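A predicted structure for the sequence below; I have some questions about it.
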Amino acid sequence: MFTETVARDLRIGLRVLVKEKSFCALAVIVLALGICGVTTMFSVVNGVMLRGFSFPNADRLVSANFIDPSSATFFGVNGQISAMDYEELLPAQQSLESIAAYLNGSTVNVTVSGKPQRYTGAYITENFLRILGTPPMLGRDLTADDNKPGAEKVAILGYGIWQRDFGGSPDIVGKGVRINGKPATIVGVMPQGFAFPTNEQLWLPLYSEFPPLPRKDPRAINPAVIGLIKRDVSLDQANAEFTTIAKRLAAAYPETNKPFNTGQVQRLIDAFTPRPLRGTLLTMLGFCVGVLLIACVNVMNMQFARATLRAKELAVRSSLGATRGRLIGQMLTESLLVAGIGAVVGVGLAYLSIDWLSTTVRNLDNPPPSWITFDVDALVLTVTVGATLAAAVLSGLLPAWMSSRANASAVLRDGGRGTTSRRMTLVSRGLVVFQIVVTCVLLIGSLLQVRSILEQQTIDFGYDTNGIMSARMGLMDGDYPSQDARKLFYDRLERELRTNPEFEAVALTNRFRMVFSGTAPIEIDGKQYKEIRDRPNTNFEQVTGTFFHVTSQKLLEGRTFNDNDLDARLPVAIVNAAFARRHYGNESAVGRRFRTVVANGTQPGPWRTIVGVVSTVRMLGPFNNPGVDDTGFYVPFYSTAAGPAPPGPFVSRFATVVVKPRPGQQADALANVLRREVAKADPNLPLYFVGTPKSQVEVFVAQSRIIATMFSIFGAVAVVLASVGIYGVMSFAVNQRTQEFGVRMALGANDGTILGMVLKQGVVQIALGLMLGLGFALAIAAVAGNGIQNTLFGVSARDPITYGAVAALVTLVSLVATLVPARRATRVDPMIALRAE
């Protein structure tokens, strides 16, 4: 019986929808846009946050760390486990079945067929791949002997470089290559698609390149740690045990471990999806749900219009014995059919949008980890079906319920213009207000994101970011086994580059890609600090003396660095104008002293004497860093900028070389010249991240640009749907009042009077929707506070320009959508209107 009833409702529903082609097409398009948005964004959320890893025992994979609870911010918490900590942790912990350490995203210099190349690699302990449950497809895994300091170098290749750079040779295992300046043997090849933790191309033993060093050694590494939690151990139990170990190490080694006295064991997927990322993705999903809500409200208003037009039909069916439940069931079936067709179209559009998004993301210079994929799997389809059912019920239930309440005899007597029709009109107007409210919130959020990315792209760095060329290099221990060897090379390279007539100035810096400087809390000599948070954070950079010539920074006071500036003699620094102004006001900064400390005030660096003040350039890059402003200081290139100073020069493995072209020449034309000059100095040293600072910044804002584009699409769709909804409601209202307008015009009302009547109704709805929408957006900004502000750059979550622009745009679009049916009302022929019934 139930099956027959459903089948009959479906047949009737299909006939009705075929008859009402315009309504069906518009409703399907509107719902398809909303369902497409929800399906696309949920596939992203699923790919990043929910699906997790495809490794065996992925649900037991965890990340382990020792953290400083006092450093917690919206962006996360500071934490570290040194190599020596890891070695003590191995026998001490009992919560994890096994643990491994790794450094990801690392530089690996490989000479292939006589050509030096830089790859992104991971340095791992011998059990790393076994914990993940993914052995090499060719050859063998790493062993404990491979991971011993001083062991002969071995490497496991990724599938991609095996195919591209080694020709996919089946006998690749056992072949020799030069890695980081030393002979190495290829012992395996990983399966296609494996690139964990991020986008690594090969894997090497950790300690063969970075042996464990004393905790206080500035060259000591702090690897990340993963593990496989035991089946009978909870995360709370693991955290308790790791906290006990962290406190013991903090007490034993207070100079290095005191702040990191709390254990943190969390799901591995949570460690790879930090809070800001999760917040952004969930916000975008919320925007899509908002678009679907607007779509449902649109279809609901269409259903109200249909219900009014079908009032006589429903009254007749009721008079012939149809129960209220049967009428509601029939109308809900029609809604479900519309939503179902909309879902099919929406999923089809979602496949296209997901394909576009995946292609765009993978083509970025700095793409997300390879294990993140966007597709329509079973979970995404389940959510889509749920969204479809919700859309059907949301858009169809209220119209069906209200229209089924109508008194059949009253409807047949007055033609449908009774109290039920009036109630539907009031509800329909309220829904328009709701649409405007949601549209305002979505538009404000979208516009704030767009303005944020525009601010990132138009930052004034204080120097011409297109006017210099930079490149990164890594001097590995194979070719440069000591700090003296690295210093000799850096000095020689700088001298030789200066002789090239193509370069006006040459310098070295530790700034990564000319985008990321370091940051540290400082203490000003003579000032007292009661609380940890009282110590101001500032930017720092290690540079050679000619750096300021390259960046065209003016020397405002004092001098630049010279070869005699060594920490062993007198620790010195040059500060920027912002630093001098903040800490010394109008007084001279030269001769004053300051030092760096860690976040809790321990591990102080040496007191540095300020010898110069230069003009301010932005050192931080296009990113938020709470508590850090434009203040900054520079130390000599062979100094340690933060932390205790070593007894001799500190020479980093990594450096960024920057060159300024001679007058009249473009900086981006220097890339090949710079490569040739470095190859002369060392044929086995690859340069990487070659480009102008502007191009480097573009790499890091590209992902933000994609996010801003998606927010813009959400906002645009919301505006279109809202305008369609307003137009539809006003058109229906005009049609319902055709006779009234005819009578008024027959009695002498002019076009202006009729136009004013219609516009008044629309303006009231628009004004109410704007007031509630803008107020609701401000309330969200107030409640969410820092959570929203930290996702924005250079623009406030309460930015008046954004709110004003949204108010103007929504008002304009809404008035246009109201004006069109209002003008149609003025063209009503009174005689035709009076004969309409």
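Arrived safely.

mind checking pLDDT for residue 398?
The confidence metric pLDDT takes the value 67 at residue 398.

ok, now the one 4 residues further on?
In this prediction, residue 402 carries a pLDDT score of 60.

ditto for residue 259
85.

Count the neighbours of it for me.
For residue 259, the count of nearby residues is 24 (other CB atoms under 10 Å). From N, CA and C alone the C-beta is placed, and that goes for glycine too.

Distance of it relative to residue 191?
As judged by CB to CB, to the nearest Å, residue 259 and residue 191 stand 40 Å apart.

Residue 778 too?
Using CB to CB, residue 778 is found at 52 Å from residue 191.

swap in residue 55?
In this view, residue 55 and residue 191 are 12 Å apart by CB to CB.

Go ahead and confirm residue 571 touches residue 609.
Yes. Using CB atoms under 8 Å as the test, residue 571 is close enough to residue 609 to be in contact (6.9 Å).

Look at the two and report which has more neighbours.
Using other CB under 10 Å, the more surrounded residue of residue 571 and residue 609 is residue 571, with 20 against 15.

can you pull the contacts of the more buried one?
The neighbourhood of residue 571, defined by CB atoms under 8 Å, 6 or more residues apart in numbering, consists of 605, 606, 607, 608, 609, 635, 639, 645.

rerun that using 7 Å as the cut-off
By CB atoms under 7 Å, 6 or more residues apart in numbering, the residues touching residue 571 are 606, 607, 608, 609, 645.

what about the last one, which SS state?
Reducing the assignment at residue 645 to three states with DSSP: H, G, I helix; E, B strand; the rest coil gives coil.

can you count the residues close to it?
The burial count for residue 645: 19, using other CB under 10 Å.

tell me the contacts of it?
By CB under 7 Å, 6+ apart, the contact set of residue 645 is 567, 571, 605, 606.

Give me the phi and psi angles of the first one.
The phi and psi torsions at residue 567 (degrees, to the nearest 10) take the values phi -60, psi -30.

same question, the last one
Residue 606 has phi and psi values of phi -70, psi 150 when expressed as degrees, to the nearest 10.

Tell me the pLDDT of residue 378.
Note on residue 378: pLDDT of 86.

any idea how far residue 46 is from it?
Separation of residue 378 from residue 46 (CB to CB) stands at 10 Å.

of these two, who's got more company?
The residue with more neighbours, out of residue 378 and residue 46 and counting by other CB under 10 Å, is residue 46; that gives 20 against 7.

The more buried one touches residue 381, doesn't it?
No. The criterion here is CB atoms under 7 Å, and residue 46 misses it with residue 381 at 10.7 Å.

pLDDT-wise, which helix or strand of this structure ranks last?
helix 408-414 (a mean of 50; mean pLDDT, DSSP states H and E).

Wait, a strand at residue 65?
Yes. Read with three-state DSSP, residue 65 is one of the residues of a strand.

who's in contact with it?
Residues in contact with residue 65 (CB under 7 Å, 6+ apart) are 79, 81, 225, 264.

Confirm that residue 226 sits in a helix.
No. Counting by three-state DSSP, residue 226 is located in no helix; its state is strand.

so it bridges to which residues?
In this structure, residue 226 bridges to residue 63, residue 100 when assessed by DSSP bridges.

Let me know how buried it is, in neighbour terms.
Residue 226: 25 neighbours (other CB under 10 Å).

Please determine how far it is located from residue 658.
Look at residue 226 and residue 658: by CB to CB, they are 36 Å apart.

what do you get for residue 570?
26 Å.

Counting neighbours, go ahead and name the busier of these two.
residue 658 (27 against 13).

so that one sits in a strand?
Yes. Under three-state DSSP, residue 658 sits within a strand.

and it, how far is that from residue 514?
7 Å.

now swap in residue 489 and tell me
With the distance defined as CB to CB, residue 489 ends up 21 Å from residue 514.

Who has more neighbours out of the two?
Each of residue 489 and residue 514 has its neighbours counted (other CB under 10 Å); residue 514 has more, 28 against 19.

Hmm, the more buried one is touching residue 471, no?
No. Residue 514 lies out of contact with residue 471 (CB under 7 Å); the separation is 9.7 Å.
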